[in-house]
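Trainee: Prediction below, plus the sequence it came from.
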Amino acid sequence: MANEIRIRQATVADTAELLKIYDHYVKNTAITFEYDTPSLEEFSGRISSISKKYPYILAERNGEILGYSYIRSFGGRMAYDCSAETTIYLKPEIRRNGAGRRLYEAIEDIAKKQGILNLYACIGYPNGEDDEYLTRNSAEFHEHMGYHLVGTFTKCGNKFGRWYDMIWMEKMIGAHDGSSIPPIRSVDQIISEIDFEKY
């Protein structure tokens, strides 16, 4: 249908549009603690590197990219392989239209197919009241998606001359059976199992 949101894999060809979305959050918010917008080349490299193992997907409608989401390595050690960190960014003007939920449902389903059991979200959080740079919206979205708070780092980030907290939220998406897990499957290994039309 003409106005339907469609989920698909992101590619390096989407870099410029995805970077435009991210640029807003770097320059205008404390949602990311990054100070400077990465170059097109650097951002393309991030997409390429993450996509070698994990899903990097986007939501679009009538050819317009509405937002994107990906998971990446959590912890960087083999024992953490069953866990992954989630990220999501949406065009600010299209929030609350269902794209965020659709992206996260797809990411979670793909992660399950890979054999990932735990998902984690690292979220900037106001130290006190919400302000013009950071609100509790992201934490509330993740809570709505089934994540729960597992840790708070107090005043660990400084941006726009203000101190912000950082919280970790967790969602278990698989059973922790047995004493070990099989190797995590890469996105390339499960691509034939992913039906993007159902998202």
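Mentor: Structure's in. What do you need?

Trainee: pull the helix or strand with minimum mean pLDDT from this structure.
Mentor: None of the helices or strands of the chain scores lower by mean pLDDT, DSSP states H and E than helix 187-190, at a mean of 90.

Trainee: Need the single longest helix in the protein, by residues.
Mentor: For the chain, the helix that runs over the most residues, judged by DSSP state H, is helix 99-114.

Trainee: Using CSV, write out every CA atom in it.
Mentor: The C-alpha trace of helix 99-114 is given here as CSV (Å, rounded to 0.1, in the frame of the first residue of the first chain):
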residue,chain,number,x,y,z
ALA,A,99,8.2,3.1,12.9
GLY,A,100,10.2,2.7,16.1
ARG,A,101,8.1,-0.3,17.3
ARG,A,102,8.3,-1.9,13.8
LEU,A,103,12.1,-1.5,13.8
TYR,A,104,12.6,-2.9,17.2
GLU,A,105,10.3,-5.9,16.6
ALA,A,106,12.3,-6.7,13.5
ILE,A,107,15.6,-6.3,15.2
GLU,A,108,14.5,-8.6,18.1
ASP,A,109,13.2,-11.2,15.7
ILE,A,110,16.5,-11.2,13.7
ALA,A,111,18.5,-11.3,16.9
LYS,A,112,16.6,-14.4,18.0
LYS,A,113,17.4,-16.1,14.7
GLN,A,114,21.1,-15.3,15.2
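
Trainee: any idea which helix or strand comes after that helix?
Mentor: strand 118-126 (DSSP states H and E).

Trainee: Spatially nearest residue to Val24, not counting backbone neighbours?
Mentor: Actually, residue 24 is His. It isn't Val. Counting by C-beta to C-beta, 6 or more residues apart in numbering, Pro92 is the residue found nearest to His24 once chain neighbours are left out, at 6.0 Å. Heads up, the C-betas are built off the backbone N, CA and C, glycines and all.

Trainee: ok, and for the strand or helix carrying Leu58, which residues are buried?
Mentor: Assigned by DSSP H and E, Leu58 falls within strand 56-61. Applying a neighbour-count criterion of 16 or more other C-beta atoms under 10 Å, the buried positions in strand 56-61 are 56-60.

Trainee: what is the residue most central in space within the chain paired to in the beta sheet?
Mentor: Closest residue to the average C-alpha location of the chain: Thr87 at 1.5 Å, with C-alpha atoms, centre = their mean. On the basis of DSSP bridges, Thr87 is bridged to Tyr70.

Trainee: ditto for Arg8
Mentor: Beta-bridge partners of Arg8, as defined by DSSP bridges: Leu58.

Trainee: tell me the contacts of it?
Mentor: 57-58, 60, 196 (C-beta atoms under 8 Å, 6 or more residues apart in numbering).

Trainee: Closest to Arg185 out of the residues you listed?
Mentor: Lowest distance from Arg185 to the contacts of Arg8 (C-beta to C-beta) belongs to Ile57, with 16.4 Å.

Trainee: Double-check the closest one against Arg6; I have them as touching.
Mentor: No. Between Ile57 and Arg6 there is no contact under C-beta atoms under 8 Å: 10.5 Å.
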